[in-house]
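> have a look; sequence and predicted model below, questions after that.
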There are 2 protein chains.
Amino acid sequence: MPLAPAVQQGRQKDSRTAILDAAERAFADLGFGGASIRAIARDADVNQAMIHYYYQNKDQLFSAVVARRSGEINTRRNLALDALFDGDIPTLEVLVEALLRPTIELGHDNERGGDAYARLIVSFNNSADDRSRRAATEHYDPIARRSIGAIMRVMPELEKAAAVRGYLFAISVALSVMAKTGRASRLSDGLCDDTDTEETVASVVAFACAGIRALANNKQK
Amino acid sequence: MPLAPAVQQGRQKDSRTAILDAAERAFADLGFGGASIRAIARDADVNQAMIHYYYQNKDQLFSAVVARRSGEINTRRNLALDALFDGDIPTLEVLVEALLRPTIELGHDNERGGDAYARLIVSFNNSADDRSRRAATEHYDPIARRSIGAIMRVMPELEKAAAVRGYLFAISVALSVMAKTGRASRLSDGLCDDTDTEETVASVVAFACAGIRALANNKQK
DNA sequence: GTCTATAGTTCGATAGAC
DNA sequence: GTCTATCGAACTATAGAC
């Protein structure tokens, strides 16, 4: 009796996500160049040739890893922005929390491997090679533009250059918090462990909002 | 007539720094795993075997790259801290600027290759592999502890956990500014190019100080 | 879809001549 | 110190059987 198509499809999907999960960890921990398809296949418990069958080559595998996560973050952010601006203009705190929460929560979701993607996004967000630039531009520039526009609506006195800076500064803080691996607790001798998601969100939001307001007062040029 | 020792020594030193410069660019652009000793040797215009002769292996070459820059930053930061606390307690703005300026200025010093090191430091500061952790712990934890202590002296009402967070947030903003490669100007349609070092320092300092003060008001736990 | 086998590169590191 | 030559291992990607 041949395998039912449903079962085959189920196994396909499992293999595909197992590959993405393993690739995400590998790219995050070893970088694109340091990660090897062989090791990813071993980690995902699939045959090496399957990775080429599903994703053709290493570059497209990398793209698939980024696309999966950015899609989720962008969807959540866009929904939050839609909801925020359908009535009164929200406060800066509410807006910034809506922007940063999806990112920080994903980074704290270790069960789903969010910690690995956190390190990965920090890496390509700060790298200058073509592959990294493409990932950032393609997957994150549109939502960045919309977010900057939202900040300017909430704080009309902020010049555009300051709003861009404020957004980038806030995101960099949120990303580094996502990717931090024991550095906070090491430096504080265990006093500050960053495990508590709500406490982390509150700290980052407070820090970023005060910073953005300071950029409004601190006249540039 | 044999070569004079002075000439030989001069060439040695040039080769060593040429290797470090090329390695810094390679590690920053391609990651540790993606960089190859062969390509570094080609870029530095030295024989491949010379890299092993001077630095034994890839890991020790990486260490040497990090040590060269961190030594400079740490020296400048320690001198600044010594000077700041020999009389009255400085303001938070003065302290934060003293902490961040060496880092930001190095990142803007493209002629000396500081932009490459900027990307490199962001990379290992946010990575979880042993090599990156070792680089961060060994070269930057001591000055980080001293800096956190200084922040607490300037703001006695700040709890230690908040001071640690404030320091890490401020550093992450400064580092991401160093490493940013056209993203600010792309998102602002050229309005904000981050070429002006003084303007950048002023923005980051204003943002970070306001953020740290907000952490003091925002009672944790 | 799944696998083996392998072609074709490139890598880090070393040995040894000069 | 500087170089060539090379070993042995790892890599990406593909061809082709089932």
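That came through, no problem.

> so after the helix ranked longest in chain A, what's the next helix or strand?
The longest helix of chain A (DSSP state H) is helix A:5-34. Remark: after helix A:5-34, the chain's next helix or strand is helix A:37-44, criterion DSSP states H and E.

> so does that following helix get close to DNA strand C?
No: Helix A:37-44 does not reach DNA strand C (C-beta under 7 Å from any atom of the strand); its nearest approach is 8.9 Å. C-beta here means a position set from N, CA and C on the backbone, and glycine is covered the same way.

> whether that helix contacts DNA strand D - can you check?
Yes: judged by C-beta under 7 Å from any atom of the strand, helix A:37-44 and DNA strand D are in contact via A:37, A:38, A:39.

> ok so, going back, show me what the longest helix of chain A is packed up against.
helix A:37-44, helix A:48-55, helix A:58-84, helix A:114-125, helix B:5-34 (3 or more C-beta pairs under 8 Å, 6 or more residues apart in numbering or on different chains; DSSP states H and E).

> among those helices, which is the most enclosed?
Comparing these by mean neighbour count (mean count of other C-beta atoms under 10 Å in any protein chain shown), helix A:114-125 ranks first with a mean of 24.

> where does residue A:189 land in three-state SS?
Of the three states, residue A:189 takes coil under DSSP: H, G, I helix; E, B strand; the rest coil.

> can you name the residues that contact it?
Contacts for residue A:189 (C-beta atoms under 8 Å, 6 or more residues apart in numbering or on different chains) come out as none.

> the lowest-mean-pLDDT helix or strand in chain A close to DNA strand D?
Of all helical and strand segments in chain A, the minimum by mean pLDDT, DSSP states H and E falls on helix A:5-34, at a mean of 82. No: counting by C-beta under 7 Å from any atom of the strand, DNA strand D has no neighbours in helix A:5-34; the shortest distance is 8.5 Å.

> got the angle between that helix and helix A:48-55?
100 degrees (axes from the mean of the first three to the mean of the last three C-alpha atoms, to 10 degrees).

> can you lay out the helices and strands packed on helix A:5-34 as TSV showing distance to residue B:152?
Converted to TSV, the helices and strands packed on helix A:5-34 look like this (distance: least, C-beta to C-beta, whole Å):
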stretch	distance to residue B:152
helix A:37-44	43
helix A:48-55	50
helix A:58-84	35
helix A:114-125	27
helix B:5-34	33
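
> distance between stretch A:101-114 and the chain's centre?
The chain centroid and the centroid of stretch A:101-114 are separated by 8 Å under C-alpha atoms, centre = their mean, to the nearest Å.

> what does stretch A:44-52 give?
That offset, for stretch A:44-52, works out to 26 Å (C-alpha atoms, centre = their mean).

> would you confirm that residue A:100 contacts residue A:201?
Yes: at 7.0 Å, residue A:100 counts as touching residue A:201 under the criterion of C-beta atoms under 8 Å.

> between the two, tell me which one has more neighbours.
residue A:100 (24 against 19; other C-beta atoms under 10 Å in any protein chain shown).

> who's in contact with that one?
A:170, A:171, A:174, A:201, A:204, A:205, A:208.

> return the set of buried residues in the strand or helix carrying the fifth one.
Secondary-structure assignment from DSSP H and E places residue A:204 in helix A:197-217. Taking 16 or more other C-beta atoms under 10 Å in any protein chain shown as the basis for neighbour counts, the residues of helix A:197-217 that come out buried are A:199-216.

> same check on stretch A:175-192?
Buried-residue list, stretch A:175-192, by 16+ other C-beta under 10 Å: A:175-181, A:183-188, A:192.
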